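**Student:** Fold the following and give me the result.
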Amino acid sequence: MTEFTSDVKMIPHSDADVYRVLSDLNKLELAKNQLPEDKIKDFTFDTDSISFRVDLIGNVKFVVVERETNKLIKFKSEGMPFNVSLWIQLVAKEENETALRLTVRAELNPFIKGVVEKPMKEAVEKISSTLAALPYDELI
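**Tutor:** Predicted coordinates for the structure are as follows:
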């Protein structure tokens, strides 16, 4: 199992507000325009899943498999050639400050790992930075 973990990102909002937005994927409609359209296409979502197309991979779908209020949202991939799980961890630091860390675990054979390791590290950092920059007070 290969693991990719983002740096911890600080969000100037409460853990409850961040969780409320990230645990209901429908709320991401307002943030859709922040995604890099040259890399992620056909972005769709509902309350419990998110799907998109990435040129080198194809169609990708993640489904929420676990929620722990104000602390964790865990996703599992569907329809990919290898298993991938992704989770968003939240830790309240102060009343209006939350730490976020994104972790991706994937079952990769050595050949695929060599090809995707650098892009995956970059993607995990980009996604966590994007999540940290969302206007949570406007998305609630």
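
**Student:** The residue nearest to Ser128 when sequence neighbours are not counted: neighbouring residues, count only.
**Tutor:** Among residues not flanking Ser128 along the chain, Ser6 sits closest, at 3.6 Å (CB to CB, 6 or more residues apart in numbering). To be clear about C-beta, it is placed using only N, CA and C from the backbone, and glycine gets the same treatment. Applying other CB atoms under 10 Å, we find 22 residues neighbouring Ser6.

**Student:** Just to check, Ser6 is in contact with Leu102?
**Tutor:** Yes - the criterion here is CB atoms under 8 Å, and Ser6 meets it with Leu102 at 4.3 Å.

**Student:** still on that earlier bit, can you give me the distance of the residue nearest to Ser128 to Leu28?
**Tutor:** Ser6 is 18 Å from Leu28, where distance means CB to CB, to the nearest Å.

**Student:** so what's in contact with Ser6 and Leu102 at the same time?
**Tutor:** Val124, Ile127, Ser128 (CB atoms under 8 Å, 6 or more residues apart in numbering).

**Student:** taking those one by one, which sit in strands?
**Tutor:** Nothing among these maps onto strands, per DSSP state E.

**Student:** Lowest-confidence member of these, which is it?
**Tutor:** The lowest pLDDT within these belongs to Ile127, which sits at 87.

**Student:** Can you tell me, leaving aside adjacent residues, what's nearest to it?
**Tutor:** Ile127 sits nearest to Leu102 (CB to CB, 6+ apart), 5.9 Å away.

**Student:** just for the chain, where's the confidence low?
**Tutor:** Low-confidence segments of the chain (pLDDT under 70): 30-40, 56.

**Student:** tell me the centre residue of it?
**Tutor:** The residue lying closest to the centre of the chain (CA atoms, centre = their mean) is Ile127, at 5.9 Å.
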